[in-house]
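In: Sequence first, predicted coordinates after that:
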Amino acid sequence: MRFPVEYRGQEAGFVEATQDIHGIQFEATCTLHTQEVVRLYTQVEERHFKIGVLEPEDGVLRLKRLWTPETLRSFQITELPRRYYIDDGRPGCAPQIENHTTSLPQDPHMLQAVEKGAVWQADAEGGWLRAPFDSQQEQPLAFVLTACEIQKGEHGYVAAFHWKATESTCKSKNLVV
């Protein structure tokens, strides 16, 4: 099925989403002209999921991504998402969500990583989980690594996962990636 992609309330392209036994295949084409790195998200109820980074190709931005049945189960998605938007990292990108939580989502992988002490929560309000990142080592945030930002920290690199943003950012208040 074909769905529109929004950018700051305006239509900026489309996503062809098809579901079969292999999962959901997303193919996005967007006409947004920018030098910024922009990401494609989908909104399912009050939850927002990052699909991936749109890349320039032949004068448009494109993305092709497959979510496997395992990914869909972990996100608790049972049907084809119908709302898509572009996030450029600045305030005002994501559709606003009225009610939100300030505690860690009840994801078993996330809770286990925090309980083991391999991952630390920056603060309950900011929604950042962080773990040391070394490409040669096992990753504590491996289950969400494609959704992490790799940041240079005081003692090397850190994988940072933003699960819930503050009021001042454009990411959703219930971000699940």
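Out: Received it, and whenever you're ready, just let me know what you need. Given the structure is predicted, the values throughout are model-derived calculations rather than measurements.
In: what's the spacing between the strand of greatest length in the chain and its chain's center?
Out: Criterion DSSP state E: the longest strand present in the chain is strand 10-20. Distance of strand 10-20 from its chain centroid, counting by Cα atoms, centre = their mean, to the nearest Å, is 16 Å.
In: Quick check: neighbours of the following helix or strand past it in the sheet, parallel or antiparallel?
Out: For strand 10-20, the succeeding helix or strand toward the C-terminus, using DSSP states H and E, is strand 23-30. Using DSSP bridges, the strands paired with strand 23-30 are strand 10-20 (antiparallel), strand 60-67 (antiparallel).
In: CA atoms of strand 23-30 as CSV?
Out: Only the C-alpha atoms of strand 23-30 are listed here, as CSV (Å, rounded to 0.1, in the frame of the first residue of the first chain):
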residue,chain,number,x,y,z
GLY,A,23,7.8,-9.1,7.3
ILE,A,24,7.1,-5.5,6.1
GLN,A,25,9.1,-4.0,3.2
PHE,A,26,9.3,-0.2,3.2
GLU,A,27,10.3,1.7,0.1
ALA,A,28,10.3,5.4,0.6
THR,A,29,10.7,8.2,-1.9
CYS,A,30,10.8,11.8,-0.7
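In: Does whichever helix or strand comes after that strand pack against any helices or strands, and if so which?
Out: Downstream of strand 23-30, the next assigned helix or strand under DSSP H and E is strand 39-44. Applying 3 or more Cβ pairs under 8 Å, 6 or more residues apart in numbering; DSSP states H and E, we find strand 39-44 packed against strand 23-30, strand 47-53, strand 83-87. The C-beta positions use only the backbone N, C-alpha and C, and glycine is treated the same way.
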